[in-house]
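K.L.:
test case, fold it:
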Amino acid sequence: MNKQQLSNALHVGGTLENALTGNYTLSASSVVQEALKLTQKHFWRFLPATLLLAGANVAIFFIALSIMLDSPAVLFDALLGKQPMTEDLLASGRIAIFATTVLSAPLYAGASLMGLSHAIGFRTKPRHIIKGMAYALAVTMAMCFISALQSVGNQIIPLLGIFLGIAFSMTILLICEKQLRPLTAMIVSFRAITKKLIPLTLVYIVIAVLFVFSYATGGIALLFALPFMFNVKGVLYREMFGVGIEVTVSQEGDDDSSSGDGNKEVFNA
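P.N.:
Residues are numbered from 1 along each chain as shown. Model (predicted):
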């Protein structure tokens, strides 16, 4: 009996070089439609992972508030108009949001990788959200830089903060899939996205509207909005930068008997 394994590397979607020059086609409607189909297809497998991410964000936010305030309820009372909103309360809220965004970055990276897997035809399992832990330091640093820049941008002009959020939105996946350093990934994301800013902005407007609708439904629509957002990012990344896939073909058998063939596709990001 003999065994043979052949490994081939495939590339799906765009390329880094074309992304940086803007030499790629991007249709906002096509991206949204594909992401909707992917969300429907993988909804029940993806939902637990996105709920874990949401739960982690809520937990970190309340812990951060509890450290800075005697009771987190004070901030929510101020937001509801039951007591005056002070500068200290606003600052506490901003710091809590910053801490939440930064500390949940590894789980966010895992959910982003799951969305990318869906975009290239792979199934995922809820436990795959921890794949982001392999890039914990890099994605946490990147999220820290991005959140800080967005915070400064929001203080200057709110639209500037929104623009920076869109411009750096591919940073985490570039770190995980292309193995780029945080600052390099931020620069690459910024350069590539500004080449196609209008269609990308339209896509993110759809996501924003869906999240606003989620608040109107008491958060129920978030069950769909969160998986949809990560699937959108996966489709966008594939079209812009492309994804490397390793395909391994295994054959075993002997000269006098029929051989069995098996194909195995591996996404190594």
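K.L.:
please count neighbours and contacts with C-alpha atoms only from this point.
P.N.:
Fine.
K.L.:
and what about Arg123, helix, strand or coil?
P.N.:
Under DSSP: H, G, I helix; E, B strand; the rest coil, Arg123 falls in the coil class.
K.L.:
what about the strands in this structure?
P.N.:
2-12, 243-253, 260-266 (DSSP state E).
K.L.:
so for the second one, mean pLDDT?
P.N.:
Think strand 243-253. Taken as a whole, strand 243-253 has an average pLDDT of 64.
K.L.:
now do the first one
P.N.:
Average pLDDT, strand 2-12: 61.
K.L.:
same deal with the shortest one?
P.N.:
In this model, strand 260-266 carries a mean pLDDT of 43.
K.L.:
where does Val139 land on pLDDT?
P.N.:
Val139 is given a pLDDT of 97.
K.L.:
so how far is Gly132 from it?
P.N.:
Separation of Val139 from Gly132 (Cα to Cα, to the nearest Å) stands at 8 Å.
K.L.:
what's the overlap in contacts for those two?
P.N.:
Listed contacts common to Val139 and Gly132 are Pro106, Ala109; contacts here mean Cα atoms under 8 Å, 6 or more residues apart in numbering.
K.L.:
and the residue nearest the centre of this protein?
P.N.:
Centroid check for the chain by Cα atoms, centre = their mean gives Ser112 as the closest residue, at 3.3 Å.
K.L.:
report the contact partners of it.
P.N.:
The neighbours of Ser112, taking Cα under 8 Å, 6+ apart as the test, are Ile172, Leu173, Phe230, Asn231, Lys233, Gly234.
K.L.:
Val152: which of those is nearest?
P.N.:
Ile172 (20.2 Å; Cα to Cα).
K.L.:
from Thr184, how far off is the closest one?
P.N.:
11 Å.
K.L.:
the two: which is more packed in?
P.N.:
Set side by side, Ile172 and Thr184 show more neighbours around Ile172, with 31 against 15, by other Cα atoms under 10 Å.
K.L.:
how about the contacts made by His99?
P.N.:
In this structure residue 99 is Ala, not His. Ile60, Phe61, Ala64.
K.L.:
how far does stretch 14-29 stretch from start to finish?
P.N.:
Its start and end residues considered, stretch 14-29 measures 18 Å (Cα to Cα).
K.L.:
so where's the stretch 101-250 of the chain uncertain?
P.N.:
Scanning the stretch 101-250 of the chain for pLDDT under 70 picks out the ranges 247-250.
K.L.:
cutoff 80 now
P.N.:
Within the stretch 101-250 of the chain, the segments meeting pLDDT under 80 span 218, 246-250.
K.L.:
show me what counts as buried in stretch 183-190.
P.N.:
Of all the residues in stretch 183-190, those buried under the rule 16 or more other Cα atoms under 10 Å are Leu183, Ala185, Met186, Val188, Ser189, Phe190.
K.L.:
just the helices in this structure please.
P.N.:
16-21, 28-68, 73-79, 87-103, 105-119, 136-156, 158-167, 171-177, 182-195, 197-216, 222-241 (DSSP state H).
K.L.:
noted, bye for now.
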